[in-house]
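**Student:** how would this look folded up:
(2 chains)
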Amino acid sequence: MKKPNKFYVTTSVPYVNAAPHLGFALELVQADVVARYRRSKGDDVFFSTGADEHGAKIAKTAEAAGLSPRELTDQNAGKFRELAVRLNISNDDFIRTSDEKRHFPAAQKLWRRIAEKGDIFKKEYEGLYCVGCEAFITAKDLTDGKCATHEKEPEKIKEENYFFRLSKHSEEIGRRIKNGELKIIPQTRANEILSLIEGGLEDVSFSRPAKDLPWGVPVPDDESQTMYVWCDALANYLSVLGYAEESEKFKKFWPADIHCIGKDILRFHAAIWPGMLLSAGLPLPRAIFVHGFIGADGRKMSKSLGNVVDPFGLAEKYGVDAVRYYLLREIPAYEDGDFSRAKFENRYNGDLANGLGNFAARVLTLAAKDGKFSEKNADESMKEKISEIQKTVEKKMEEYRFHEALAAVWELISFGDEYVNATKPWETNDQKALVNLLIILESVAALLVPFLPETAQKIISCVGRDGEAFSPKKCGILFPRLVTPPLTAENPKP
RNA sequence: CGCGGGGAAGUGUAACAGUUGCACACGAGGCUCAUAACCUUGAAGCAGCGGGUGCGAUUCCCGCCCCCGCAACCA
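**Tutor:** Residues are numbered from 1 along each chain as shown, chains lettered A, B, ... in the order given. Below you'll find the model as predicted:
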């Protein structure tokens, strides 16, 4: 028997400075589809997500809320964990960077490995420090020599930090990306990062004085310094597997087969992270999948605009699979997308209620009347279409084009609807047609398992296959059609 | 000259050097198993602007305009 492939998929670890929003829900759902798809192909999958919890911003937010950083991050990380549950995400683990037992030793071990290679060095850093921001700022934050947000002149401060010699690995990183050992999807993102590397990567700041940043992972053998984000947050991909103790899990699953990330953190994952791994002598991830951002009503989603979409509320109102469907179908996998109530309800009614739901209902109602069927009565007329769609879905999934994979599945639904109209089983009671329809419906459901696990399962159980026999039963309404008041001049908002 | 992405029916999208395809919405017809759903069919785009190369450009090249990201911790 063939040993199953191992497959390690991750989301990034979101910064838990605030409650999760729809953008991270997108990442979770995309990674989940990958994980479920690989499992369905027989791979041995490990799927991790988690939370990035350190840094000055968290410390500040906590203070403002009258909480300790620990209290705040417990609260917020809890929400992210809950989001994964709510969205029916099949992650195998959830790693928190504030986990002193699991994460700290891994991050510190990685640091030591890099240090042993001579790639960490101390350097005096001189910069403009704004007391209001409690952070270093750069020239672009200045207006008339003053901090744009606090209207104060920044002070010149000298600080001693550790740096990581990223520059040394520049060429090798570029080489690996070019030859496909580190694949970046989509290609445009690879081009972007390559052009950056072309210019040579600069060394990056790797620590902060502990007095300024007490909330973080201590630098090994130097209590006066705390790790800056890179060696801390990125190390989650190792710590979740038990890197510190070289566990079996780590040996089996590293390197990651795919990191799912947002475009904003591409640089860190495609430049700094590979640089660190090269230095530490660890294999590089095989691929990085980069999704875009979700806007709301055509604008950027942001707290200050007050248009942040809450994924919990959506799941509550429309159901988990509806949210998953929207994210996977409406948002182009490689690009930015948009969320609006109208678009959501359009997709819901058009594709889920009228499309999938209605097709399932009509087939099952027709078939349930007669009770029992045997696959032997099926003919070949629709087999070709089914296998064509299966092939398309497979191909699209290999390229992580989730929206196009779903579009293909809906082609099969449409084919099924046409088939019902053409064969008129309610009139002819044609057994062959009914079995064919059950098989089409079953194929649709099978293809949807990674995308809409709940719904797919429901359909599969209603189709009622037992070996070659089917005993279908009515399924109830899968997605009740939404009735919205018509948009009129007097009533422009639903 | 910082880097990159994009401008196509009302909206959203795909492919492509050779009569622009699809989806939703809209019009007409059909059907009645189904969630007023489904099927057929129609109308609707001189492809941001200007130039170049070609027998021929939406597609390749150049310039411009507009939008949007990134520019070392916003998913």
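
**Student:** not counting its neighbours along the chain, what's nearest A:Asp44?
**Tutor:** Leaving aside its sequence neighbours, A:Asp44 sits nearest to A:Pro4 (Cβ to Cβ, 6 or more residues apart in numbering; 4.5 Å). (C-beta placed from N, C-alpha, C; glycine too.)

**Student:** so that neighbour touches A:Phe46, yeah?
**Tutor:** No. Checked against Cβ atoms under 8 Å, the pair A:Pro4 and A:Phe46 is beyond contact range at 12.0 Å.

**Student:** what about these two, which has more around it?
**Tutor:** A:Phe46 (22 against 13; other Cβ atoms under 10 Å).

**Student:** so what's the more buried one up against?
**Tutor:** The contact partners of A:Phe46, by Cβ atoms under 8 Å, 6 or more residues apart in numbering, come to A:Lys6, A:Phe7, A:Tyr8, A:Val9, A:Asp92, A:Asp93, A:Leu241, A:Lys249, A:Phe253.

**Student:** just the closest of those to RNA strand B, please.
**Tutor:** Using Cβ to the nearest atom of the strand, A:Val9 comes nearest to RNA strand B of the contacts of A:Phe46, at 15.0 Å.

**Student:** so which bits of the strand or helix carrying the closest one are buried?
**Tutor:** Here A:Val9 is covered by strand A:6-11, with elements defined by DSSP states H and E. When burial is assessed from 16 or more other Cβ atoms under 10 Å, strand A:6-11 yields the following buried residues: A:Phe7, A:Tyr8, A:Val9, A:Thr10, A:Thr11.

**Student:** go on, stretch A:38-45?
**Tutor:** A:Arg38, A:Arg39, A:Asp43, A:Val45.

**Student:** dump the residues you listed into a markdown table; add secondary structure and pLDDT as well.
**Tutor:** Listed next are the buried residues of stretch A:38-45 as a markdown table, based on DSSP: H, G, I helix; E, B strand; the rest coil; pLDDT from 0 to 100:
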| residue | secondary structure | pLDDT |
| --- | --- | --- |
| A:Arg38 | helix | 95 |
| A:Arg39 | helix | 95 |
| A:Asp43 | coil | 95 |
| A:Val45 | strand | 96 |
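
**Student:** which two from the residues you listed end up farthest apart in space?
**Tutor:** A:Arg39 and A:Asp43 (6.3 Å; Cβ to Cβ).

**Student:** for the residue of the stretch 151-300 of chain A found nearest RNA strand B, give its distance to A:Arg86.
**Tutor:** Of all residues in the stretch 151-300 of chain A, A:Gly262 sits closest to RNA strand B, at 2.0 Å by Cβ to the nearest atom of the strand. Using Cβ to Cβ, to the nearest Å, we find A:Gly262 at a distance of 20 Å from A:Arg86.

**Student:** please apply the same query to A:Asn17.
**Tutor:** Taken as Cβ to Cβ, the span from A:Asn17 to A:Arg86 is 20 Å.

**Student:** more neighbours, these two?
**Tutor:** Between A:Asn17 and A:Arg86, A:Arg86 has the larger neighbour count (other Cβ under 10 Å), namely 19 against 16.

**Student:** what segments of the stretch 301-450 of chain A are helices?
**Tutor:** Taking DSSP state H, counting those that start in this stretch as the test, the helices found in the stretch 301-450 of chain A are A:311-318, A:320-329, A:341-347, A:358-370, A:383-398, A:402-423, A:425-428, A:431-448.

**Student:** helices or strands up against the second one?
**Tutor:** It stands for helix A:320-329. Helix A:320-329 sits against helix A:22-40, helix A:311-318, helix A:341-347, helix A:402-423, helix A:453-463, with contacts defined as 3 or more Cβ pairs under 8 Å, 6 or more residues apart in numbering; DSSP states H and E.

**Student:** who touches the last one?
**Tutor:** Right, the one you point to is helix A:453-463. Residues contacting helix A:453-463 (Cβ under 8 Å, 6+ apart): A:36, A:88, A:90, A:320-321, A:356, A:360, A:364, A:438, A:441-442, A:444-446, A:448-449, A:470, A:472-475, A:478-479.

**Student:** if you set the cut-off to 6 Å instead, what comes out?
**Tutor:** Counting by Cβ atoms under 6 Å, 6 or more residues apart in numbering, helix A:453-463 makes contact with A:88, A:321, A:360, A:364, A:438, A:441-442, A:445, A:448-449, A:472-473, A:475, A:478, all of which sit outside it.

**Student:** ok, back up a step: using TSV, lay out the helices of the stretch 301-450 of chain A together with mean pLDDT, distance to RNA strand B and mean neighbour count.
**Tutor:** What follows is the helices of the stretch 301-450 of chain A, written out as TSV (pLDDT from 0 to 100; distance: least, Cβ to the nearest atom of the strand, whole Å; neighbours: other Cβ atoms under 10 Å):
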stretch	mean pLDDT	distance to RNA strand B	mean neighbour count
helix A:311-318	89	11	17
helix A:320-329	91	10	24
helix A:341-347	85	5	16
helix A:358-370	90	3	19
helix A:383-398	87	11	16
helix A:402-423	91	3	18
helix A:425-428	89	3	13
helix A:431-448	93	9	22
